[in-house]
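Asker: Sequence and predicted structure, then a few things I'm wondering about:
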Amino acid sequence: MSKQSKVALWLFSAVLLASAGCGNDGGGAGPVSSSSQSLIAPNGNSSTVTFYRSKSSGDAKPRKTLTGSNTTLDNPQDVYVDSAGAVYVANDQTNPPTENSNGSIAVFAAKSFGDTAPTRTIVGDNTRLQNPEGVIVDSAGQIYVANAGGNTICVYPAGSNGDAEPILSINGPATGLRMPEDVALDQAGDLFVANTAANSITEYAPGANGNAAFIARIYGLSTSLKSPDALAFDASGNLYVANFEGDSITIYPPNSNGDVPPSAIISGTATGIDGPGGLAIDRKGNLLVSSSLNNSILTFTSGASGDVAPVAVLAGSATALDLPFGIALKL
């Protein structure tokens, strides 16, 4: 079953449950403790972005929500917070799409909430956006976008707004890009891409452009990759991958290349992982996973491996989580 089919089945089931009067009831626990960090989730089904305290668990309400027509949110798939606290949201769609693009990157001021318009929006024909599903920003403010529908990675200058052209665009057969869903940068500035349709992670040198060949690729049966959908690096340079179809998190040491087995796998019924779509690592090295198909955010301790239960679960009707694909921590 493809990722799209799995999501479509979830949406159909959700409609049936709603018509039967069944809700998503949580355990009723409040936040574990207050924190200066914020946990942020884009909700693809409700076209909202919800904000929580980073250690929220149980059926905790969001601290604030971006929602409404002024936000221009449309099937948001990923979220990123820059050093100034600005929130970047990758919208998979625009209504209606333009002739040569579909989707947008909406940028919100740090304290935005409610039906607030973004301060900047990258949208239009010249952007070459095609169903953007992953977004990050580097230390220079450049914006990297994974276009799942166009099999491209586009890079925009800092402060881009409107119908902006990318300054770099990785595309072509040598790239190995196939339905890229997420992007990440390592400490050296190399770009890593999760290719959902190829079951691969490809790596590119800084400044890669055009039909640029990958400099390394994690690919093959030993990797246990199955529709990789999200990426994150820990402080030691280990690469964490969320496998949407595999309902697993696979972890690879630095400089992994080829048909390499993961150093650890988080997988199994005890984990509660169902359609993982986003990853984040907090200050203590704990791993947070957005489990999109059961509308939850799961926290695993640093070094977790195997069929282990999460140490915290954010889930329930009060959370307003609704197909949360991405996740971000505002540090």
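Answerer: Sure, I can see it. Just so you know, these numbers come straight off a predicted model, no measurement behind them.
Asker: could you pull out the helices for this protein?
Answerer: 3-19 (DSSP state H).
Asker: so where's it uncertain?
Answerer: Applying pLDDT under 70 to the chain picks out residues 1-36.
Asker: at 80 instead, please
Answerer: Applying pLDDT under 80 to the chain flags residues 1-37, 331.
Asker: isn't Gln37 right next to Ala280, touching?
Answerer: No - judged on CB atoms under 8 Å, Gln37 makes no contact with Ala280 at a distance of 9.8 Å. C-betas here are computed from N, CA, C, even on glycine.
Asker: So for the two, which residue has more residues nearby?
Answerer: The neighbour comparison of Gln37 against Ala280 (other CB atoms under 10 Å) goes to Ala280, with 25 against 16.
Asker: what's that one in contact with, if anything?
Answerer: Contacts of Ala280 were listed using CB atoms under 8 Å, 6 or more residues apart in numbering, and they are Leu39, Ala232, Leu287, Leu288, Ile327, Ala328, Leu329.
Asker: Now do it against Leu331, distance only.
Answerer: Ala280 sits 10 Å away from Leu331, taking CB to CB, to the nearest Å as the criterion.
Asker: Now for Gln37 and Ala280: what residues contact both?
Answerer: With CB under 8 Å, 6+ apart, Gln37 and Ala280 have common neighbours Leu329.
Asker: List the buried residues in stretch 299-319.
Answerer: Thr299, Phe300, Ala304, Pro310, Ala312, Val313, Leu314, Ala315, Gly316, Ala318, Thr319 (16 or more other CB atoms under 10 Å).
Asker: Now the third one: closest residue in space that isn't a chain neighbour?
Answerer: Take Ala304 and drop its neighbours on the chain: the residue closest to it by CB to CB, 6 or more residues apart in numbering is Ile266, 5.7 Å away.
Asker: so the one you found bridges to which residues?
Answerer: Beta-bridge pairing for Ile266 (DSSP bridges): Ile249, Gly306.
Asker: looking at it, it is touching Ile273, isn't it?
Answerer: Yes - counting by CB under 8 Å, Ile266 touches Ile273, with 7.2 Å between them.
Asker: shared neighbours of the two, anything?
Answerer: Common contacts of Ile266 and Ile273 (CB under 8 Å, 6+ apart): Ser248, Ile249.
Asker: wait, what's in contact with Ile281?
Answerer: Ala232, Phe233, Asp234, Ala235, Tyr240, Leu287, Leu288, Leu329.
Asker: All good on my end, thank you.
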